[in-house]
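Colleague: With the sequence up front, the predicted model follows.
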Amino acid sequence: MTETNYSVAHLWAQGDSVNRSVAVLLLLMSLASWSVMLIKAWTLWRMRRQVDSAQAFWHATSYEQGVQLLAAHADNPFHDLVSRGHEAAQHHSDKQNELHGVLNLSDWLMSCLRQSLDDSASRLQSGLSILASVGSTAPFIGLFGTVWGIYHALISISASGQASIDKVAGPVGESLVMTAMGLAVAIPAVLGYNALVRGNKGVMGKLKHFAHDLHAYLVVGKSVRHQAPRPLRQVA
């Protein structure tokens, strides 16, 4: 048997519809996971840059100037927090006769800021379920392709009546490629998932600290960065 007979192209040519379907499915899963990892990595990198604008907000000489600094970046979650917080404070002041008027300003702001944090968390976590699914299922899909390939290889060898090691090693070795393909798809997905989860936690921590300071500013008109973080826990 020549070296070409052990290639992936030979495995594709000799495989049936099930083997080919497994190979195509693994390829699609790999493309999906890498697409998610690249897109989410770019989003995470962009949001980390926006943390600098959040720091600049507190160094602004006026509230309006701080808002303009945050608005300079598109889809800035810190700008969303400021916008919702300002709108909530204004709405609470203008609509005292509505049902939420029984809530004090602090509780009303907590509720609105929490919604913004939840929305940001949902955007950060979107797509991670794909990586989790690929990482957990790709090895088993590859193993299924291997078992199916070995089964048909053994049937063919049995029908030919030639069971020597050189006749068995080739088809069985080719079938094991499916297991390797499954691992090659799953391992990057798992590593990418763990890296993105750690990065998302860091960004959410910055957002929660910013929401804590913003809550204090809108309620009492000053930052409490060095005070007890009770409002932050309630906003988180």
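Modeller: Happy to help now that I have it.
Colleague: Where does the prediction get shaky in the protein?
Modeller: By pLDDT under 70, the low-scoring segments of the chain are 1-15, 73-74, 92-103, 159-171, 221-236.
Colleague: hey, which helix is longest across it?
Modeller: helix 165-220 (DSSP state H).
Colleague: Name all residues that make contact with the spatially most central residue of the chain.
Modeller: Nearest to the mean C-alpha position of the chain, counting by CA atoms, centre = their mean, stands residue 128 at 3.3 Å. Counting by CB atoms under 8 Å, 6 or more residues apart in numbering, residue 128 makes contact with 36, 40, 193, 196-197. C-betas here are computed from N, CA, C, even on glycine.
Colleague: Just the buried ones among the residues you listed, please.
Modeller: Among the contacts of residue 128, the ones that count as buried by 16 or more other CB atoms under 10 Å are 36, 40, 193, 196.
Colleague: Leaving out sequence neighbours, find the closest residue to the first one.
Modeller: Read it as residue 36. Using CB to CB, 6 or more residues apart in numbering and skipping the chain neighbours, the partner closest in space to residue 36 is residue 127 (4.4 Å).
Colleague: What distance do you get for that neighbour to residue 42?
Modeller: 12 Å (CB to CB, to the nearest Å).
Colleague: more neighbours, those two?
Modeller: Just comparing residue 127 and residue 42: by other CB atoms under 10 Å the higher neighbour count belongs to residue 127, 19 against 10.
Colleague: Pull the contacting residues for the more buried one.
Modeller: Neighbour list for residue 127: 36, 39-40 [criterion: CB under 8 Å, 6+ apart].
Colleague: and the angle for the helix or strand harbouring residue 129 with helix 165-220?
Modeller: In the assignment (DSSP states H and E), residue 129 maps to helix 128-160. Put simply, helix 128-160 runs at 170 degrees to helix 165-220, going by axes from the mean of the first three to the mean of the last three CA atoms, to 10 degrees.
Colleague: Helix 128-160: how far from the chain's middle?
Modeller: Mean-position distance between helix 128-160 and its chain equals 27 Å (CA atoms, centre = their mean, to the nearest Å).
Colleague: outside of stretch 34-45, which residues touch it?
Modeller: For stretch 34-45, using CB under 8 Å, 6+ apart, the contacting residues are 123-124, 127-128, 130-131, 188-189, 192, 196, 199-200, 203.
Colleague: again, 7 Å this time
Modeller: With CB atoms under 7 Å, 6 or more residues apart in numbering as the contact definition, stretch 34-45 has outside contacts at 127, 130-131, 192, 196, 199-200, 203.
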